[in-house]
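**Q** Fold the following and give me the result.
(chains A and B)
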2 protein chains.
Amino acid sequence: MSEMHAIRRTRLRERCSAAGSAAALISRPANVRYLAGAAPRDAVLLLGPDEDTLVCPGPLDDRAPGGRLDESVRLHTLPGSAGDPAVAAVGLLTDRDVPSLAVEEHHLTVSRHRAIRSVAPQVRLGDLGGGVEQLRVVKDEEEISSIRIAAEIADQALGELLESILVGRTERHLALELERRLVDHGADGPAFPTSVGTGPHSGRGGHRPTDRRVEEGDFLSVCLGATYRGYRCEIGRTFVIGTAPADWQIELYDLVFAAQRAGREALTPGTACRDVDRAARQVLASAGHSEGLPRAVGHGVGLEIDEDPQLAPAAMGKLDACVPVTVEPGVHLPGRGGVRIDDTLVVRPEADGGPELLTITTKELLAL
Amino acid sequence: MSEMHAIRRTRLRERCSAAGSAAALISRPANVRYLAGAAPRDAVLLLGPDEDTLVCPGPLDDRAPGGRLDESVRLHTLPGSAGDPAVAAVGLLTDRDVPSLAVEEHHLTVSRHRAIRSVAPQVRLGDLGGGVEQLRVVKDEEEISSIRIAAEIADQALGELLESILVGRTERHLALELERRLVDHGADGPAFPTSVGTGPHSGRGGHRPTDRRVEEGDFLSVCLGATYRGYRCEIGRTFVIGTAPADWQIELYDLVFAAQRAGREALTPGTACRDVDRAARQVLASAGHSEGLPRAVGHGVGLEIDEDPQLAPAAMGKLDACVPVTVEPGVHLPGRGGVRIDDTLVVRPEADGGPELLTITTKELLAL
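**A** Predicted coordinates for the structure are as follows:
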């Protein structure tokens, strides 16, 4: 583990040097955790020319979220939790003749940036941009293994729910029960707020559970995910409540399933991200569903639930191997409900068997 | 309701004009909700010279968290969820001859600030600072009423837990059960992650629940809160598990209770915030507990769980009437555990009966 974090920091340091920065200040929590192994609340990581320091507002203890600090990172704790760790970190540079520092301008606020500048006016501040986020896109097998376990946990939680009685229970209760089961099975917690939509609420991405109860004949859409060792996954399924789905339900389900399959099958290294989106989207569009579709057909997952790459119409870039992504098209018919099917997969070359499906709960249309 | 939000915006507009800004861009979600009634994800509020506009990345629907949009605010939705609403909002100004705009530099990132500047280079950007946060400190009776209901919900959830069997259950399960009960009783959700600490974990602020099980003889510390209509409260209690507390437990409990009472009794309009902290802190210090104490003895609550005022040693400013705050001193003895007692109260003048206690669960040392 230790070595892995050090290698990541070396890669970032090389990027910074190439861009003319002697040091870097990492403030975005997922980036801090990626490089240092731990991201206690409000901690920042200073990548210096010769040593790396995690600056924490308080003492590091077993309460600290975000893993174990890499041994090769020095820990600097602020006395009495006072002040901004970012400002304190830059203060550490002032007597070390560092001419330039790259910061995360997409994360630091204007106020913090100004405070940093005033504590070290002689240091030229540059922009690290999404440098760490770019490193995070391709995962190593240890990261993928954590996402795989997160997916197993989510599959288990969902599977148990399907064996229970659903009619009469509210969306909110079903969502809470799923989250409890995630934790029961060893998740750090939910990867994002669990979404449960019944009847007219089904098929909407990001639906917040309400007090509506499950009724016979409803579509029921569920979207959940687990976090395991900081890594997140996502699974979404739609079911029918009752003995037999109606014709319109079968038709809509088959359509979304076909779109989702088209998206999954497009996940090969070298494919343009926007082409994955298009593969799924055009199945829906050819059946007349072009309005109200999701903004993106999928996105990367890892230390955050929504990270690069975006599988969206205007996305730039191509897929690499070992990139975990979601594929999650859906159609929602206002007033009637809809279908959403969501998997987490890892992009793999054809020679390795193609995309690796992590969320293995069946995608047959189950009548519950 | 509508009128109330309009009055708040008028007060802010007056502050901005006085500071030389013709318009203001509000991006911090709690501030957007305070002024517009609703804060859909990533939405920003533009306070123009003659009209106010909420700029949303997607259509407003009943999924939108954060209440109902004030009718006197114009809604502007971005097509296809594209781009940064803050940039789009400033774009609306370009043909309206607005010379200056105040932004929330403590919330906007450097990148977003730059993007705003480039879309409207002729507009002079100023800093609104914590202008909206300052308006939010003193609550109106409708806001206090929401916090009061949130406190009732938290009291109910906690009371039910105390009637159940606790020995043998894990911290994580107790925390999840409390959160489920909050929702059962009508909360929007937990106000913050519920903390349950047993045995050596008891008495630590912000302890994250583990798989440790409740044992006979333990201290059990619980800290939870509900959100109701966006408003948050906090309650913390410590109990003893078993028939009779040990002498050291009674002694420590009485000490923290005395410190918490001293803090509560100091809550009068006009008192310096730091004096409330000192009142509680010196009770603990006089008994030899000066290390490892919380950073602050309390803080304001409202649309966020931790907002101004801070009741801390270095805090500036004085208390006003109608300010809801927590008072939550604690002592944690490493390896043994500790006590934390936390209430939400509203500062009221002596003539109105003094501080109003919202979280009314008993603070006697209960043996469960």
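
**Q** distance of whichever residue of the stretch 201-350 of chain A sits closest to chain B from residue A:245?
**A** Nearest residue of the stretch 201-350 of chain A to chain B, counting by Cβ to the nearest Cβ: residue A:295, 4.4 Å away. C-beta coordinates here come from the backbone N, C-alpha and C atoms, glycine included. Per Cβ to Cβ, to the nearest Å, residue A:295 is found 28 Å from residue A:245.

**Q** Could you check which of those two has the larger neighbour count?
**A** Set side by side, residue A:295 and residue A:245 show more neighbours around residue A:245, with 19 against 16, by other Cβ atoms under 10 Å in any protein chain shown.

**Q** residues near residue A:90, how many?
**A** Neighbours of residue A:90 under the rule other Cβ under 10 Å: 26.

**Q** Per-residue pLDDT of it, please?
**A** pLDDT, residue A:90: 92.

**Q** and it, that's in a helix?
**A** Yes - the assignment for residue A:90 is a helix, going by DSSP: H, G, I helix; E, B strand; the rest coil.

**Q** Test my guess that the residue of the stretch 201-350 of chain A closest to chain B contacts residue A:311.
**A** No - judged on Cβ atoms under 8 Å, residue A:295 makes no contact with residue A:311 at a distance of 10.3 Å.

**Q** rewinding a little: where does the residue of the stretch 201-350 of chain A closest to chain B land on pLDDT?
**A** Reported pLDDT for residue A:295: 82.

**Q** Residue A:226 versus that one, what's the distance?
**A** Computed with Cβ to Cβ, the distance linking residue A:295 and residue A:226 is 24 Å.

**Q** got it, and residue A:217?
**A** For residue A:217 relative to residue A:226 (Cβ to Cβ), the value is 30 Å.

**Q** So for those two, which sits in the more crowded spot?
**A** Ranked by neighbour count (other Cβ under 10 Å), residue A:217 and residue A:226 place residue A:226 first, with 31 against 13.

**Q** which residues touch that one?
**A** Shown in contact with residue A:226 (Cβ atoms under 8 Å, 6 or more residues apart in numbering or on different chains): A:150-151, A:153-154, A:157, A:182, A:185, A:187-191, A:232-233.

**Q** Among those residues, which are located in strands?
**A** A:189, A:190, A:232 (DSSP state E).

**Q** closest to chain B among the contacts of residue A:226?
**A** The closest of these, once distances to chain B are taken by Cβ to the nearest Cβ, is residue A:189, at 8.5 Å.

**Q** contacting residues for that closest one?
**A** Taking Cβ under 8 Å, 6+ apart, one finds A:179, A:182, A:183, A:226, A:227 in contact with residue A:189.

**Q** Next up, identify which helix or strand the first one is on.
**A** Per DSSP states H and E: residue A:179 is located in helix A:171-184.

**Q** Residue A:117 now?
**A** helix A:110-119.

**Q** mind showing which ranges of the stretch 51-200 of chain A have poor pLDDT?
**A** A:60-66, A:80-82 (pLDDT under 70).

**Q** ugh, wrong one, I meant the stretch 251-368 of chain A
**A** Ranges of the stretch 251-368 of chain A meeting pLDDT under 70: A:292.

**Q** So which bits of it are right by chain B?
**A** Within the stretch 251-368 of chain A, the positions adjacent to chain B are A:295, A:314 by Cβ under 8 Å from any Cβ of the partner chain.

**Q** So which elements touch the helix holding residue A:179?
**A** If you count contacts as 3 or more Cβ pairs under 8 Å, 6 or more residues apart in numbering or on different chains; DSSP states H and E, helix A:171-184 packs onto helix A:141-162, strand A:189-190, strand A:195-198, strand A:219-224, helix B:171-184.

**Q** can you put those in JSON lines and add distance to residue A:238?
**A** Below are the helices and strands packed on helix A:171-184 laid out as JSON lines (distance: least, Cβ to Cβ, whole Å):
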{"stretch": "helix A:141-162", "distance to residue A:238": "12"}
{"stretch": "strand A:189-190", "distance to residue A:238": "19"}
{"stretch": "strand A:195-198", "distance to residue A:238": "9"}
{"stretch": "strand A:219-224", "distance to residue A:238": "5"}
{"stretch": "helix B:171-184", "distance to residue A:238": "24"}
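
**Q** list the contacts for residue A:124?
**A** Taking Cβ under 8 Å, 6+ apart, one finds A:99, A:100, A:101 in contact with residue A:124.

**Q** And the second one, its phi and psi?
**A** Taking degrees, to the nearest 10, you get phi -150, psi 150 for the backbone angles of residue A:100.

**Q** do the same with the first one
**A** Geometry field for residue A:99 lists phi and psi as phi -80, psi -20, criterion degrees, to the nearest 10.

**Q** tell me the contacts of it?
**A** Counted by Cβ under 8 Å, 6+ apart, residue A:99 has contacts A:22, A:122, A:123, A:124.

**Q** Would you mind stating the distance between the third one and residue B:67?
**A** Distance of residue A:123 to residue B:67, computed by Cβ to Cβ: 44 Å.
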